[in-house]
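Novice: Fold the following, please.
(chains A, B and C)
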Amino acid sequence: MRKNGLVALSFHTLVILFVLAPLVIIVLVAFTPDQTLTLPTHGFSLRWFRAILDYPDFISAFFNSIRLAFASATLSLALALPAALAIGRERFPGREFLNGLFLSPLVIPSLVLGIAFLRFFAMIGATGSFTWLVAAHMIIITPFVMRLVLASVSGMDRSIEHAAQSLGADRWTAFRRITLPMILPGITGGWLLAFINSFDELTMSIFVTSPQTITLPVRMYMYATESIDPMMASVSALVIFVTAGAMIVLDRVYGLNRILIGSH
Amino acid sequence: MASTIDSTGPDDSGALKNDRAPWHAFVPPWLMSLPAFILFAVLVLTPLAMTVVLTFYRFDPASGPIAAFQFGNYVEVLTDSYYQTIFARTFGIAILTTLLCVAIGAPEAYVLYRMRDPWRSMFLLVILAPLLVSVVVRAFGWSMLLNTGGIVNQFFGLFGMGPYKLEYTTFAIVIALVHVMLPFMVIPVWTSLQKLDPQVENAALSLMASPSTTLRRIVLPQIAPGILSGSLMVFGLSASAFAIPGLLGGRRLKVAATAVYDEFLGSLNWPLGATIAILLLIANLVIMITYYRVLERRYSRSLG
Amino acid sequence: MSFLVLDKLTKAYGDLNAVSDVSLSVEKGEFVSLLGPSGCGKTTTLQMIAGFIDVTRGRISLDGKDITNVRPNKRGLGVVFQSYALFPHMTVAQNVGFGLEMRGIGKAECAERIRETLALVRLDALAARYPRELSGGQRQRVAIARALVIKPPVLLLDEPMSNLDAKLREEMQFELRGIQRKVGTTTVMVTHDQSEALSISDRVVVMEAGRVTQVDSPYRAYERPENRFVSQFIGKANMLAGKVTEARHNEVHVDLGHDLTGIACIEAGTVWREGDTVTLCIRPEKLHLCAVGTGRLPATVTSRFFLGSQWLYRVDTAIGEVLVCSQNEGTEPVAEGAMVGIDWHRDAVRVLQEVSHG
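Specialist: Prediction:
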């Protein structure tokens, strides 16, 4: 395998600039002292970050998103973990079907899921319910949890568990003391990935949220379609920082590259 | 000396006696999958079925959707020029985005593949990490870059060009979509590249193939399934994209997803909106099936 | 004149030398093996000849021309990689024909040469298969065919048998030699398997820690190892240390302790002095067990192992533990714990140079 030449590296540099441009721009503009969207060429200011405090909708939307992400990720894990263990370790009729079903939200556009949920909630009188919103998010994020836990479970050498049993551990102890610690990175990584995806979710949520349950991305989208001012940039910058923080944790726990490649 | 191994011989009733097993051993796998299955049955299968049913309803502006079984919505969506334009624009954008992603993403994956660590991991991270940032943020970033007072125009201004009106254009939508979809192309191509035996490239060189011939005749055919997989993903996601066309297309450049939004939350014509959405879903499924067919026929013998 | 000449080839990675001053002359049509343990630099040397690794110092010439800095895709050598490196998306015939295609050879001639070469490696029936559909041994033959069809000046093989199981390996060794003799291509093979190197090479190049330790025909390398490393790497050896008591022009007498004096043949031209510390080497198959009280050295059998065609005995003597190998002639082997005598032919004892490299 030969090294990259000058042409290849120049191309690569352009691609990297392309990838980073919008994010860098947002973070820079967030610190502008001006009224309009300009680069902070003459001084940095936190005014637009403070301005967020005057918009309680954004703050409550943020907390909505956090609560929603936390709840849906945790509940999703609670349901997906036993299912992934069953699918990953046993052979039984319907295994392929279940696997396909739990991964299906990945092939259904979130737009379609959004209107389907909207219709369903209207029929059962669940519009505006936070609980049902959590359930809707659970559907969207289960594939991420499932994939990572499945990868951990099937990547594990079963003979290690058998070794524990041969040394006298019963099946539950072997699971608890040997298997669980070994698949813990997959579990934690799955939870974090699910959390992030729920926090970011827009297209489905825009159909299913109500003014009380509105999430941060939806709030931002609404705001951006009406007016464009630097506060949008500062909110976005905060989202980037929070996401970056979550990514660091994710990297420590599981390895960011592994997750991003393995989860798709 | 007493045996420490429980006997597994038959007991009086003729059944095999197991060694001491906790509750967990008796729970069959379906039971473990049951909660998740119920969730999905209730919240995926049912709502989708209901949505399909909805597409056959009539819509009365005064009273809303009325139960019926008629194809009027499908006829309207497929024959009205307004919707035809929207679909044409949607798929046109999706195709353009896919082609650009192949042109940029595949070579980039190859460049990364040839890098050494630590650069390789670092740049892979840079390219993939934006996946975890909300699409609203990324769309907004592009609208900032591309609007008339924005950075790109200021850059052109340095050379005395422009300003070009870039916001609310198809160009803006495609650029932002390419930005968002790039990781979805890089990942499968990268995965394909990982499966290559690095000696194979050397083998081609030893047989007097030039580096560019090696790339074209040896590397490219082996990563073709990855490119195909990535294209499928990018096309599907681009065709159903909402936030980017919404923020960067403005009120006049509608695509399928924003049209659905208009019908559902604007005109409240749910049956029509549902029809557009279901047609989009069908298009997605058709593409996926075609992909698997192609893969089956051309590559299963050679690349497995 | 030699066909392939390596002149003081050196490859350095930072401060570490993977290969140091390797010089070798290979005659046209010769089959040479680079033999040594992992990390001895044999594969690096081969990769330098093929052009995939840059040379730090030294030169490589092929048929008089200096190819040290020629790009690998311009050298025109035949290379068989350890993993075979077949093109997975091409059939066997397409794989074999690729090198011909790169040389612009016409379709008709291509087809003929492919057919010929596939017949040579006995794969004619599988021309339309994909590598995935072949067994390990078949894939190896495709790799060999692909390298030979281009009629290269030199054939380079990187541990070609290491991925085959033991029985297949043996068969392929002889087949490879047969093909090479038939086609007459100058061949350099890298291997860590000493029995493989000995059985099919014209000459063996033993390498240790990046340097060439000994270059000889397989028989001479085995019977006359130059130092401790070679004698232990090729075959088994019993090492006995002692001091020289008497040095003559064709033999030395060495005091091995316990009133035992070993008499060893030495090479013409080597000089030993009284008082030198030397190591004597004697191969297990050159020792034989005889009745107790006879022979040169009394011993007790501590354990024995059955190897099919041979019996391997570990025997305890006054000068330490010694290995003895006896042909399995179908007679009753010596029992463990038995007291025996050991005898050997005088010419079977060799003196090793004390210093080995690395």
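
Novice: hmm, the helix or strand hosting A:Ile261 in reach of chain B?
Specialist: In the assignment (DSSP states H and E), A:Ile261 maps to helix A:256-262. Yes - against chain B, helix A:256-262 shows contacts by Cβ under 8 Å from any Cβ of the partner chain at A:Leu256, A:Asn257, A:Leu260, A:Ile261. For every residue, glycine as well, the C-beta is placed using N, CA and C.

Novice: So for stretch A:58-69, what gets flagged as buried?
Specialist: Buried residues in stretch A:58-69, defined by neighbour count with 16 or more other Cβ atoms under 10 Å in any protein chain shown: A:Phe58, A:Ala61, A:Phe62, A:Asn64, A:Ser65, A:Ile66, A:Leu68, A:Ala69.

Novice: touching chain B at all, it?
Specialist: No - no part of stretch A:58-69 sits close enough to chain B to count as contact by Cβ under 8 Å from any Cβ; the gap is at least 9.5 Å.

Novice: Run through who's touching that stretch.
Specialist: Contact partners of stretch A:58-69, identified using Cβ atoms under 8 Å, 6 or more residues apart in numbering or on different chains, comprise A:52-53, A:130, A:133-134, A:137, A:194-196, A:198-199, A:213-220, A:223, A:235.

Novice: List the residues that contact C:Asp21.
Specialist: Applying Cβ under 8 Å, 6+ apart, one finds that C:Asp21 lies in contact with C:Lys8, C:Leu9, C:Thr10, C:Gly58, C:Arg211.

Novice: Drop anything exposed from these.
Specialist: Neighbour-count burial (16+ other Cβ under 10 Å) is assigned, among the contacts of C:Asp21, to C:Leu9, C:Thr10, C:Gly58, C:Arg211.

Novice: Which of the residues of helix A:256-262 next to chain B sits closest to chain B?
Specialist: Distance ranking of those against chain B, using Cβ to the nearest Cβ, places A:Leu260 first at 4.2 Å.

Novice: which other residues reach whichever strand or helix holds A:Ser234?
Specialist: Of the helices and strands defined by DSSP H and E, A:Ser234 is found in helix A:230-253. Under the contact criterion Cβ under 8 Å, 6+ apart, helix A:230-253 has outside partners A:23, A:26-27, A:29-30, A:32, A:34-37, A:48-49, A:51-52, A:55, A:58, A:185, A:188-189, A:192-193, A:195-196, A:199-200, A:216, A:220, A:223-224, A:256, A:259, B:129, B:132-134, B:136-137, B:140-141, B:144.

Novice: Farthest-apart pair in the buried ones among the contacts of C:Asp21, please.
Specialist: When these are compared pair by pair using Cβ to Cβ, the farthest-apart members prove to be C:Gly58 and C:Arg211, with a separation of 12.8 Å.

Novice: Quickly list what's touching both of those two.
Specialist: Taking Cβ under 8 Å, 6+ apart as the contact rule, the neighbours common to C:Gly58 and C:Arg211 are C:Asp21, C:Val22.

Novice: Give me the contact list for the lowest-mean-pLDDT helix or strand in chain A.
Specialist: The weakest-scoring helix or strand in chain A, judged by mean pLDDT, DSSP states H and E, is helix A:256-262 (a mean of 75). Contacts of helix A:256-262 from elsewhere in the structure, counted by Cβ under 8 Å, 6+ apart, are A:147-148, A:151, A:189, A:193, A:247, A:250, B:121, B:124-125, B:128-129, B:131-132, B:183, B:187, B:190-191.

Novice: Filter those residues down to the buried ones, PyMOL style.
Specialist: PyMOL command restricting the contacts of helix A:256-262 to the buried ones, with burial defined by 16+ other Cβ under 10 Å:
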select buried, (chain A and resi 147+148+151+189+193+247+250) or (chain B and resi 124+128+129+131+132+183+187+190+191)
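
Novice: so of the contacts of helix A:256-262, which ones are in helices?
Specialist: Residues of the contacts of helix A:256-262 located in helices (DSSP state H): A:147-148, A:151, A:189, A:193, A:247, A:250, B:121, B:124-125, B:128, B:183, B:187, B:190-191.

Novice: so which of these would you say is closest to B:Ala176?
Specialist: For B:Ala176, the closest of the ones in helices among the contacts of helix A:256-262 turns out to be B:Pro183, at 13.8 Å, with distances computed as Cβ to Cβ.

Novice: and the angle for the lengthiest helix in chain A with helix A:230-253?
Specialist: Longest helix of chain A, by residue count under DSSP H: helix A:56-89. Here helix A:56-89 points in a direction 30 degrees away from that of helix A:230-253 (axes from the mean of the first three to the mean of the last three Cα atoms, to 10 degrees).
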